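Novice: Fold the following, please.
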Amino acid sequence: MKHYVFLTNVPQGYGWGGCEQQMLDYFRRADLRNTKITVAVTRDVFTSKIEQAGLAVKVVFYPFQFNAGSIKRFFRMRSFLKRLSADGVIVVQNDFLKFKLSEFAAAYLAAKGNVYSLEVLGASEPVRPAARMHFKVIPGLAFRWRLGQIALMLRERLCRKVLAASEEVKERMVKWYHYRAGNIEVVFKDIDSDKYRPDSLARENMRSRYGIGKTDVVIISTARFCGQKRLDRLINAFDEVCRGRDNFWLFMVGDGPLRAYLEDLAGRKSMRDRIKFVGHQEDVAVFLQMSDIYVLPSELEGLGIALLEAMAAGLVAVATKTPGPNEIINDSVNGFLVERDEQAVADGLRKALRLSESERVEMTSAARQLVQKKFGVENCTLRALQIMGIDCVTVKTDRYSVASPSRAVPQVR
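Specialist: Have a look, this model is predicted:
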(Lines give C-alpha, C1' and ligand atoms only; values in the text may rest on other atoms or scores of the structure.)
Protein backbone atom coordinates (compact mmCIF):
# COMPACT_ATOMS: atom_id res chain seq x y z
CA MET A 1 0.00 0.00 0.00
CA LYS A 2 1.49 3.33 -1.06
CA HIS A 3 1.71 6.08 1.51
CA TYR A 4 1.18 9.70 0.39
CA VAL A 5 1.98 12.59 2.72
CA PHE A 6 0.40 16.03 2.17
CA LEU A 7 2.53 18.85 3.61
CA THR A 8 0.54 21.90 4.73
CA ASN A 9 1.44 25.06 6.63
CA VAL A 10 -1.68 26.92 7.78
CA PRO A 11 -0.82 30.30 9.37
CA GLN A 12 -1.88 31.12 12.91
CA GLY A 13 -5.39 32.54 13.01
CA TYR A 14 -6.44 31.04 9.68
CA GLY A 15 -9.33 28.62 9.58
CA TRP A 16 -10.94 26.42 6.98
CA GLY A 17 -10.77 27.74 3.42
CA GLY A 18 -10.89 26.75 -0.24
CA CYS A 19 -7.48 25.12 -0.21
CA GLU A 20 -8.41 22.88 2.71
CA GLN A 21 -11.75 22.01 1.10
CA GLN A 22 -9.95 21.02 -2.08
CA MET A 23 -7.70 18.66 -0.14
CA LEU A 24 -10.73 17.12 1.59
CA ASP A 25 -12.26 16.52 -1.84
CA TYR A 26 -9.09 14.68 -2.86
CA PHE A 27 -9.30 12.51 0.25
CA ARG A 28 -12.94 11.69 -0.42
CA ARG A 29 -12.19 10.46 -3.94
CA ALA A 30 -8.97 8.62 -3.11
CA ASP A 31 -9.22 4.83 -2.85
CA LEU A 32 -8.31 4.57 0.81
CA ARG A 33 -8.55 0.79 0.71
CA ASN A 34 -5.38 0.69 -1.36
CA THR A 35 -3.77 4.02 -0.47
CA LYS A 36 -2.63 5.46 2.85
CA ILE A 37 -2.82 9.24 3.27
CA THR A 38 -1.33 11.40 6.02
CA VAL A 39 -1.70 15.17 6.38
CA ALA A 40 1.12 17.02 8.14
CA VAL A 41 -0.04 20.25 9.78
CA THR A 42 1.17 23.25 11.74
CA ARG A 43 -2.42 23.87 12.86
CA ASP A 44 -5.06 21.16 12.82
CA VAL A 45 -8.09 22.36 10.88
CA PHE A 46 -8.61 18.93 9.33
CA THR A 47 -9.43 16.34 12.01
CA SER A 48 -13.06 17.31 12.63
CA LYS A 49 -13.80 17.50 8.88
CA ILE A 50 -12.10 14.18 8.20
CA GLU A 51 -14.02 12.52 11.03
CA GLN A 52 -17.32 13.95 9.81
CA ALA A 53 -16.60 12.53 6.35
CA GLY A 54 -15.69 9.15 7.86
CA LEU A 55 -12.32 9.05 6.11
CA ALA A 56 -9.34 6.91 7.14
CA VAL A 57 -6.87 9.79 6.80
CA LYS A 58 -4.30 10.47 9.53
CA VAL A 59 -3.40 13.98 10.73
CA VAL A 60 0.02 14.57 12.32
CA PHE A 61 1.87 17.63 13.59
CA TYR A 62 5.38 18.44 12.49
CA PRO A 63 7.84 17.65 15.31
CA PHE A 64 9.68 20.91 14.61
CA GLN A 65 9.16 24.61 13.90
CA PHE A 66 9.61 26.27 10.50
CA ASN A 67 11.69 29.15 11.85
CA ALA A 68 15.11 27.48 11.49
CA GLY A 69 17.67 27.98 8.76
CA SER A 70 17.56 26.10 5.46
CA ILE A 71 20.02 23.35 6.43
CA LYS A 72 18.20 22.51 9.65
CA ARG A 73 14.86 22.61 7.84
CA PHE A 74 16.18 20.16 5.25
CA PHE A 75 17.41 17.58 7.75
CA ARG A 76 14.33 17.89 9.99
CA MET A 77 11.91 17.46 7.10
CA ARG A 78 13.86 14.57 5.60
CA SER A 79 13.97 12.75 8.94
CA PHE A 80 10.25 13.38 9.48
CA LEU A 81 9.28 12.00 6.05
CA LYS A 82 11.56 8.98 6.38
CA ARG A 83 9.93 8.11 9.72
CA LEU A 84 6.56 8.24 7.99
CA SER A 85 7.90 6.01 5.17
CA ALA A 86 6.46 8.35 2.57
CA ASP A 87 6.18 6.89 -0.93
CA GLY A 88 4.93 10.20 -2.31
CA VAL A 89 4.86 13.79 -1.05
CA ILE A 90 2.41 16.50 -2.07
CA VAL A 91 3.56 19.99 -1.09
CA VAL A 92 0.43 22.13 -0.67
CA GLN A 93 1.39 25.71 -1.52
CA ASN A 94 -1.44 27.92 -0.24
CA ASP A 95 1.19 30.64 -0.56
CA PHE A 96 3.84 30.57 -3.30
CA LEU A 97 6.62 31.23 -0.78
CA LYS A 98 5.33 28.97 2.00
CA PHE A 99 7.69 26.00 1.50
CA LYS A 100 11.33 26.57 0.63
CA LEU A 101 13.76 24.63 -1.53
CA SER A 102 14.97 22.82 1.60
CA GLU A 103 11.56 21.14 2.10
CA PHE A 104 11.31 20.18 -1.56
CA ALA A 105 14.82 18.69 -1.51
CA ALA A 106 14.04 16.74 1.65
CA ALA A 107 10.83 15.40 0.13
CA TYR A 108 12.65 14.49 -3.09
CA LEU A 109 15.19 12.36 -1.24
CA ALA A 110 12.75 10.83 1.24
CA ALA A 111 10.18 9.86 -1.42
CA LYS A 112 12.73 8.97 -4.09
CA GLY A 113 11.67 11.76 -6.40
CA ASN A 114 7.91 11.19 -6.11
CA VAL A 115 7.09 14.82 -5.27
CA TYR A 116 4.21 17.00 -6.45
CA SER A 117 3.37 20.62 -5.75
CA LEU A 118 -0.14 22.05 -5.50
CA GLU A 119 0.10 25.75 -6.39
CA VAL A 120 -3.15 27.13 -5.02
CA LEU A 121 -2.43 30.87 -4.99
CA GLY A 122 -1.00 33.01 -7.75
CA ALA A 123 2.64 34.05 -7.34
CA SER A 124 3.41 37.72 -6.83
CA GLU A 125 5.81 39.40 -9.22
CA PRO A 126 9.34 39.34 -7.76
CA VAL A 127 10.61 42.75 -6.73
CA ARG A 128 14.31 43.26 -7.29
CA PRO A 129 15.96 45.29 -4.52
CA ALA A 130 17.25 48.77 -5.30
CA ALA A 131 20.70 48.74 -6.92
CA ARG A 132 23.52 49.04 -4.45
CA MET A 133 26.65 50.96 -5.45
CA HIS A 134 30.04 49.72 -4.29
CA PHE A 135 32.64 52.45 -3.73
CA LYS A 136 29.96 54.79 -5.16
CA VAL A 137 30.99 53.62 -8.62
CA ILE A 138 30.41 49.88 -9.18
CA PRO A 139 26.76 48.75 -9.35
CA GLY A 140 25.87 45.72 -7.25
CA LEU A 141 24.66 42.47 -8.79
CA ALA A 142 21.99 41.70 -6.17
CA PHE A 143 23.72 38.35 -5.74
CA ARG A 144 21.75 37.21 -2.71
CA TRP A 145 18.44 38.10 -4.39
CA ARG A 146 19.44 36.17 -7.52
CA LEU A 147 20.29 33.12 -5.42
CA GLY A 148 16.84 33.34 -3.83
CA GLN A 149 15.19 33.42 -7.25
CA ILE A 150 17.20 30.40 -8.38
CA ALA A 151 16.15 28.51 -5.24
CA LEU A 152 12.51 29.22 -6.00
CA MET A 153 12.96 27.99 -9.58
CA LEU A 154 14.70 24.79 -8.46
CA ARG A 155 11.66 23.72 -6.43
CA GLU A 156 9.86 22.96 -9.69
CA ARG A 157 12.83 20.92 -10.95
CA LEU A 158 12.38 18.58 -7.98
CA CYS A 159 8.71 17.90 -8.77
CA ARG A 160 7.33 15.26 -11.09
CA LYS A 161 4.44 17.61 -11.74
CA VAL A 162 3.20 20.97 -10.54
CA LEU A 163 -0.58 21.32 -10.33
CA ALA A 164 -1.68 24.93 -10.83
CA ALA A 165 -5.07 26.26 -9.74
CA SER A 166 -5.59 28.27 -12.95
CA GLU A 167 -3.99 29.19 -16.26
CA GLU A 168 -2.84 32.55 -14.92
CA VAL A 169 -1.20 30.90 -11.90
CA LYS A 170 0.74 28.78 -14.40
CA GLU A 171 1.65 31.77 -16.56
CA ARG A 172 2.99 33.70 -13.58
CA MET A 173 5.25 30.85 -12.48
CA VAL A 174 6.60 30.42 -16.00
CA LYS A 175 7.11 34.14 -16.68
CA TRP A 176 8.45 35.31 -13.34
CA TYR A 177 10.06 32.21 -11.80
CA HIS A 178 11.10 30.26 -14.92
CA TYR A 179 9.09 27.15 -14.18
CA ARG A 180 8.94 24.78 -17.15
CA ALA A 181 5.53 25.07 -18.76
CA GLY A 182 5.55 21.40 -19.79
CA ASN A 183 5.84 20.33 -16.16
CA ILE A 184 2.76 22.26 -15.02
CA GLU A 185 -0.77 20.89 -15.24
CA VAL A 186 -3.69 23.25 -14.74
CA VAL A 187 -6.28 21.43 -12.63
CA PHE A 188 -9.30 23.40 -11.51
CA LYS A 189 -11.20 22.88 -8.29
CA ASP A 190 -14.47 21.09 -8.93
CA ILE A 191 -17.76 22.52 -7.72
CA ASP A 192 -20.86 20.52 -6.81
CA SER A 193 -23.37 22.55 -8.80
CA ASP A 194 -26.22 20.49 -7.36
CA LYS A 195 -25.33 21.49 -3.80
CA TYR A 196 -24.97 25.16 -4.74
CA ARG A 197 -28.00 25.38 -7.02
CA PRO A 198 -30.58 28.16 -6.58
CA ASP A 199 -33.18 27.11 -4.00
CA SER A 200 -36.27 29.27 -3.43
CA LEU A 201 -37.25 27.41 -0.24
CA ALA A 202 -33.82 27.89 1.36
CA ARG A 203 -33.95 31.53 0.28
CA GLU A 204 -37.30 32.06 2.00
CA ASN A 205 -36.31 30.19 5.19
CA MET A 206 -32.97 31.98 5.62
CA ARG A 207 -34.47 35.41 4.99
CA SER A 208 -37.17 34.72 7.54
CA ARG A 209 -34.49 33.63 10.02
CA TYR A 210 -32.64 36.95 9.72
CA GLY A 211 -35.69 39.18 9.32
CA ILE A 212 -34.94 40.08 5.70
CA GLY A 213 -37.79 41.09 3.40
CA LYS A 214 -38.58 39.17 0.24
CA THR A 215 -37.63 42.08 -2.00
CA ASP A 216 -34.61 43.22 0.05
CA VAL A 217 -31.21 42.98 -1.62
CA VAL A 218 -28.58 40.79 0.05
CA ILE A 219 -24.94 41.26 -0.92
CA ILE A 220 -22.62 38.59 0.38
CA SER A 221 -18.99 37.65 0.80
CA THR A 222 -17.85 34.16 1.78
CA ALA A 223 -14.14 34.34 2.43
CA ARG A 224 -11.31 33.93 4.88
CA PHE A 225 -10.82 37.19 6.77
CA CYS A 226 -7.21 37.85 5.79
CA GLY A 227 -5.32 40.63 4.06
CA GLN A 228 -5.27 38.97 0.65
CA LYS A 229 -9.08 39.10 0.43
CA ARG A 230 -9.29 42.90 0.96
CA LEU A 231 -12.75 42.72 2.46
CA ASP A 232 -12.35 46.30 3.63
CA ARG A 233 -12.97 47.31 0.00
CA LEU A 234 -16.36 45.63 0.09
CA ILE A 235 -17.42 47.18 3.40
CA ASN A 236 -16.47 50.66 2.19
CA ALA A 237 -18.12 50.13 -1.21
CA PHE A 238 -21.33 48.85 0.38
CA ASP A 239 -21.53 51.88 2.65
CA GLU A 240 -20.99 54.22 -0.31
CA VAL A 241 -23.41 52.60 -2.75
CA CYS A 242 -26.22 51.59 -0.39
CA ARG A 243 -26.09 54.44 2.14
CA GLY A 244 -29.52 55.49 3.38
CA ARG A 245 -31.35 52.48 1.94
CA ASP A 246 -33.08 50.24 4.47
CA ASN A 247 -33.66 47.35 2.05
CA PHE A 248 -29.98 46.51 1.47
CA TRP A 249 -27.90 44.05 3.52
CA LEU A 250 -24.28 42.91 3.55
CA PHE A 251 -23.51 39.45 4.93
CA MET A 252 -19.91 38.65 5.83
CA VAL A 253 -19.58 34.87 6.08
CA GLY A 254 -16.24 33.59 7.36
CA ASP A 255 -13.56 34.11 9.97
CA GLY A 256 -9.88 34.83 10.21
CA PRO A 257 -7.17 37.02 11.73
CA LEU A 258 -8.73 40.31 10.49
CA ARG A 259 -12.20 39.74 11.89
CA ALA A 260 -11.85 42.26 14.73
CA TYR A 261 -10.49 44.88 12.34
CA LEU A 262 -13.30 44.34 9.83
CA GLU A 263 -15.98 44.43 12.53
CA ASP A 264 -14.53 47.70 13.84
CA LEU A 265 -14.47 49.14 10.31
CA ALA A 266 -18.10 48.14 9.73
CA GLY A 267 -19.11 49.56 13.11
CA ARG A 268 -17.95 53.02 12.02
CA LYS A 269 -20.10 53.04 8.86
CA SER A 270 -23.52 54.62 8.47
CA MET A 271 -24.83 51.24 7.26
CA ARG A 272 -23.42 49.36 10.26
CA ASP A 273 -26.84 47.97 11.29
CA ARG A 274 -27.13 46.37 7.83
CA ILE A 275 -23.75 44.62 7.93
CA LYS A 276 -23.96 41.15 9.47
CA PHE A 277 -20.95 39.09 10.54
CA VAL A 278 -22.13 35.49 10.93
CA GLY A 279 -18.75 33.75 11.38
CA HIS A 280 -17.60 30.49 9.85
CA GLN A 281 -20.50 28.40 8.54
CA GLU A 282 -20.49 24.69 7.80
CA ASP A 283 -23.26 25.14 5.24
CA VAL A 284 -22.34 28.13 3.08
CA ALA A 285 -24.81 27.11 0.36
CA VAL A 286 -27.92 28.33 2.22
CA PHE A 287 -26.36 31.77 2.78
CA LEU A 288 -25.62 32.02 -0.94
CA GLN A 289 -29.11 30.83 -1.82
CA MET A 290 -30.70 33.64 0.18
CA SER A 291 -28.48 36.28 -1.47
CA ASP A 292 -28.50 38.28 -4.71
CA ILE A 293 -24.99 39.60 -5.35
CA TYR A 294 -21.60 38.10 -4.52
CA VAL A 295 -18.49 40.30 -4.30
CA LEU A 296 -14.88 39.06 -4.34
CA PRO A 297 -12.65 42.14 -3.77
CA SER A 298 -9.33 40.25 -3.46
CA GLU A 299 -5.85 41.53 -4.14
CA LEU A 300 -4.73 38.04 -5.16
CA GLU A 301 -6.48 34.74 -5.95
CA GLY A 302 -5.46 31.41 -7.35
CA LEU A 303 -8.84 30.36 -8.71
CA GLY A 304 -11.69 31.73 -6.60
CA ILE A 305 -13.58 28.70 -5.28
CA ALA A 306 -16.06 30.83 -3.33
CA LEU A 307 -16.73 32.80 -6.51
CA LEU A 308 -17.59 29.61 -8.40
CA GLU A 309 -19.91 28.47 -5.61
CA ALA A 310 -21.74 31.80 -5.74
CA MET A 311 -22.07 31.62 -9.52
CA ALA A 312 -23.47 28.08 -9.22
CA ALA A 313 -26.01 29.38 -6.70
CA GLY A 314 -27.36 31.90 -9.20
CA LEU A 315 -25.84 35.11 -7.84
CA VAL A 316 -24.61 38.07 -9.85
CA ALA A 317 -20.84 38.07 -9.32
CA VAL A 318 -18.51 41.05 -8.99
CA ALA A 319 -14.80 40.20 -8.75
CA THR A 320 -11.49 41.99 -9.00
CA LYS A 321 -9.06 41.26 -11.83
CA THR A 322 -6.83 38.57 -10.34
CA PRO A 323 -5.76 35.06 -11.39
CA GLY A 324 -8.85 32.86 -11.44
CA PRO A 325 -11.59 35.47 -11.84
CA ASN A 326 -9.80 36.70 -14.97
CA GLU A 327 -10.50 33.37 -16.67
CA ILE A 328 -13.80 32.58 -14.94
CA ILE A 329 -15.67 35.81 -15.65
CA ASN A 330 -16.45 37.17 -19.10
CA ASP A 331 -17.08 40.78 -18.12
CA SER A 332 -20.73 41.85 -18.40
CA VAL A 333 -21.67 38.39 -19.73
CA ASN A 334 -21.55 36.06 -16.71
CA GLY A 335 -20.44 38.61 -14.11
CA PHE A 336 -18.48 41.82 -13.66
CA LEU A 337 -14.69 42.17 -13.54
CA VAL A 338 -13.31 45.30 -11.89
CA GLU A 339 -9.94 46.78 -11.03
CA ARG A 340 -8.36 46.08 -7.66
CA ASP A 341 -9.37 49.22 -5.83
CA GLU A 342 -12.21 50.38 -3.63
CA GLN A 343 -13.90 52.71 -6.14
CA ALA A 344 -13.89 50.04 -8.85
CA VAL A 345 -15.56 47.59 -6.45
CA ALA A 346 -18.22 50.22 -5.71
CA ASP A 347 -18.76 50.81 -9.44
CA GLY A 348 -19.07 47.06 -10.03
CA LEU A 349 -21.65 46.85 -7.28
CA ARG A 350 -23.62 49.64 -8.93
CA LYS A 351 -23.57 47.78 -12.26
CA ALA A 352 -24.91 44.64 -10.58
CA LEU A 353 -27.72 46.59 -8.95
CA ARG A 354 -28.71 48.28 -12.22
CA LEU A 355 -29.42 45.00 -14.02
CA SER A 356 -32.99 44.47 -15.09
CA GLU A 357 -34.65 41.20 -14.12
CA SER A 358 -34.17 39.74 -17.61
CA GLU A 359 -30.51 40.84 -17.69
CA ARG A 360 -29.92 39.31 -14.28
CA VAL A 361 -31.45 35.98 -15.28
CA GLU A 362 -29.42 35.91 -18.48
CA MET A 363 -26.17 36.68 -16.63
CA THR A 364 -26.68 34.21 -13.77
CA SER A 365 -27.77 31.44 -16.16
CA ALA A 366 -24.56 31.93 -18.17
CA ALA A 367 -22.55 31.83 -14.94
CA ARG A 368 -24.14 28.60 -13.72
CA GLN A 369 -23.71 26.94 -17.11
CA LEU A 370 -20.00 27.75 -17.03
CA VAL A 371 -19.59 26.18 -13.59
CA GLN A 372 -21.44 23.02 -14.65
CA LYS A 373 -19.48 22.63 -17.86
CA LYS A 374 -15.95 23.55 -16.78
CA PHE A 375 -15.83 22.72 -13.08
CA GLY A 376 -17.88 19.53 -12.81
CA VAL A 377 -17.23 17.04 -10.00
CA GLU A 378 -16.22 14.28 -12.42
CA ASN A 379 -13.67 16.43 -14.23
CA CYS A 380 -11.18 17.97 -11.82
CA THR A 381 -10.57 15.99 -8.64
CA LEU A 382 -10.16 12.65 -10.38
CA ARG A 383 -7.72 14.15 -12.88
CA ALA A 384 -5.63 15.64 -10.07
CA LEU A 385 -5.44 12.29 -8.26
CA GLN A 386 -4.46 10.53 -11.46
CA ILE A 387 -1.66 13.02 -12.11
CA MET A 388 -0.32 12.42 -8.59
CA GLY A 389 -0.54 8.66 -9.03
CA ILE A 390 -3.12 8.20 -6.28
CA ASP A 391 -5.69 5.45 -6.80
CA CYS A 392 -9.17 6.94 -6.94
CA VAL A 393 -12.78 5.85 -6.86
CA THR A 394 -15.34 7.13 -9.33
CA VAL A 395 -18.76 8.27 -8.21
CA LYS A 396 -21.48 8.89 -10.75
CA THR A 397 -23.68 11.87 -9.99
CA ASP A 398 -26.87 12.99 -11.68
CA ARG A 399 -26.50 16.44 -13.17
CA TYR A 400 -29.38 18.77 -13.81
CA SER A 401 -29.89 22.48 -14.32
CA VAL A 402 -32.15 24.54 -12.10
CA ALA A 403 -33.46 27.85 -13.38
CA SER A 404 -32.74 30.90 -11.27
CA PRO A 405 -35.72 31.79 -9.05
CA SER A 406 -37.30 35.16 -9.64
CA ARG A 407 -35.44 37.84 -7.75
CA ALA A 408 -36.85 41.30 -8.21
CA VAL A 409 -33.79 43.31 -7.27
CA PRO A 410 -34.44 47.04 -6.80
CA GLN A 411 -32.37 48.92 -9.35
CA VAL A 412 -29.93 51.70 -8.52
CA ARG A 413 -29.79 54.47 -11.09
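Novice: switch to C-alpha atoms for all contacts and neighbour counts from now on
Specialist: OK.
Novice: who are the neighbours in contact with T322?
Specialist: Contact analysis of T322 by CA atoms under 8 Å, 6 or more residues apart in numbering lists S298, E299, L300, E301, G302.
Novice: Redo these as CSV? Include secondary structure.
Specialist: Formatted as CSV, the contacts of T322 follow (DSSP: H, G, I helix; E, B strand; the rest coil):
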residue, secondary structure
S298, coil
E299, coil
L300, coil
E301, coil
G302, coil
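Novice: what's the burial count for I293?
Specialist: 24 (other CA atoms under 10 Å).
Novice: Regarding stretch 127-143, how distant is the last residue from the first?
Specialist: In stretch 127-143, first residue to last residue: 14 Å (CA to CA, to the nearest Å).
Novice: Kindly report the same for stretch 31-46.
Specialist: So stretch 31-46: terminal residues 19 Å apart, CA to CA.
Novice: Out of the contacts of T322, which one has the lowest pLDDT?
Specialist: The pLDDT minimum for the contacts of T322 sits at G302, where the score is 82.
Novice: any idea how far that residue lies from Y4?
Specialist: G302 is 24 Å from Y4, where distance means CA to CA.
Novice: Touching, A310 and V295? I think so.
Specialist: No - with contact defined as CA atoms under 8 Å, A310 does not reach V295; the gap is 9.2 Å.
Novice: list residues touching both of those two?
Specialist: Common contacts of A310 and V295 (CA under 8 Å, 6+ apart): A317.
Novice: Give me the more crowded residue out of those two.
Specialist: A310 (33 against 27).
Novice: Distance of the more buried one relative to R83?
Specialist: Taken as CA to CA, the span from A310 to R83 is 42 Å.
Novice: how about W249, what does it touch?
Specialist: D216, V217, V218, I219, R274, I275, K276 are the contacts of W249 under CA under 8 Å, 6+ apart.
Novice: neighbouring contacts of the helix or strand G148 falls within?
Specialist: Assigned by DSSP states H and E, G148 falls within helix 143-157. Helix 143-157 is contacted from outside by K100, L101, F104, A105, S117, R128, P129, V162, Y177, H178, Y179, R180, using CA under 8 Å, 6+ apart.
Novice: out of these, which are inside helices?
Specialist: Among the contacts of helix 143-157, the members found in helices (DSSP state H) are L101, F104, A105, Y177.
Novice: Spatially, what comes nearest to the last one if we skip its sequence neighbours?
Specialist: For Y177, ignoring the flanking residues on the chain, the nearest one in space by CA to CA, 6 or more residues apart in numbering is M153 at 5.6 Å.
Novice: Could you report the neighbour count for the one you found?
Specialist: By the criterion of other CA under 10 Å, M153 has 19 neighbours.
Novice: Tell me, what's the model's pLDDT at it?
Specialist: Per-residue confidence at M153 stands at 95 (pLDDT).
Novice: Out of the contacts of helix 143-157, which comes closest to T364?
Specialist: Distances from T364 to the contacts of helix 143-157, taken as CA to CA, are shortest for V162 (32.8 Å).
Novice: Could you double-check that the closest one sits in contact with V120?
Specialist: No - using CA under 8 Å, V162 makes no contact with V120, being 10.4 Å away.
Novice: neighbour-wise, which of these two wins?
Specialist: V162 (29 against 25).
Novice: Who does the more buried one form a beta bridge with?
Specialist: Beta bridges link V162 to S117, I184 when assigned by DSSP bridges.
Novice: quick one: average pLDDT of stretch 233-245?
Specialist: For stretch 233-245, mean pLDDT is 94.
Novice: and if you look at stretch 352-359?
Specialist: Stretch 352-359 comes out at a mean pLDDT of 96.
Novice: Run the chain-centre distance for it.
Specialist: In terms of CA atoms, centre = their mean, to the nearest Å, the centre of stretch 352-359 is found 28 Å from the chain centre.
Novice: How far does it stretch from one end to the other?
Specialist: 10 Å.
Novice: what's the distance between G69 and Y108?
Specialist: Distance, G69 to Y108, using CA to CA: 19 Å.
Novice: scratch that, E301
Specialist: In this view, E301 and Y108 are 28 Å apart by CA to CA.
Novice: Kindly report the same for K374.
Specialist: Separation of K374 from Y108 (CA to CA) stands at 33 Å.
Novice: Those two: which has the busier surroundings?
Specialist: Each of K374 and Y108 has its neighbours counted (other CA under 10 Å); Y108 has more, 21 against 15.
Novice: so that one, which of the three states?
Specialist: Put simply, Y108 is helix when judged by three-state DSSP.
Novice: what is the rounded mean pLDDT of stretch 312-321?
Specialist: Stretch 312-321 shows a mean pLDDT of 96.
Novice: Start and end of it, how far apart?
Specialist: First residue to last in stretch 312-321 (CA to CA) measures 20 Å.
Novice: Can you give the distance of that stretch from its chain's centre?
Specialist: Centre-to-centre, stretch 312-321 and its host chain are 14 Å apart (CA atoms, centre = their mean).
Novice: And for stretch 280-296?
Specialist: Relative to its parent chain, stretch 280-296 has a centroid offset of 15 Å by CA atoms, centre = their mean.
Novice: Can you point out the buried residues in it?
Specialist: Residues 280, 284-296 are the ones in stretch 280-296 that count as buried (16 or more other CA atoms under 10 Å).
Novice: Narrow the residues you listed to those in helices?
Specialist: Under the assignment DSSP H, the buried residues of stretch 280-296 contribute A285, V286, F287, L288, Q289 to helices.
Novice: need the residues you listed in TSV with distance to S356, can you?
Specialist: What follows is those, written out as TSV (distance: CA to CA, whole Å):
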residue	distance to S356
A285	25
V286	24
F287	23
L288	20
Q289	19
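Novice: want to try a markdown table for the residues you listed, with distance to T381 and pLDDT as columns?
Specialist: As requested, these are arranged in a markdown table below (distance: CA to CA, whole Å; pLDDT from 0 to 100):
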| residue | distance to T381 | pLDDT |
| --- | --- | --- |
| A285 | 20 | 95 |
| V286 | 24 | 97 |
| F287 | 25 | 97 |
| L288 | 23 | 97 |
| Q289 | 25 | 97 |
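Novice: What is the nearest of these to A319?
Specialist: Taking CA to CA as the measure, A319 sits nearest to L288 out of these, at 15.7 Å.
Novice: For the stretch 1-150 of the chain, just list every one of the strands.
Specialist: Using DSSP state E, counting those that start in this stretch, the strands of the stretch 1-150 of the chain run over 2-7, 35-41, 58-61, 88-93, 115-119, 133-134, 138-139.
Novice: So what touches the fifth one?
Specialist: Contacts made with strand 115-119 from outside it, assessed by CA under 8 Å, 6+ apart, are listed as 88-96, 104, 107-108, 156, 158-165, 169, 302, 388.
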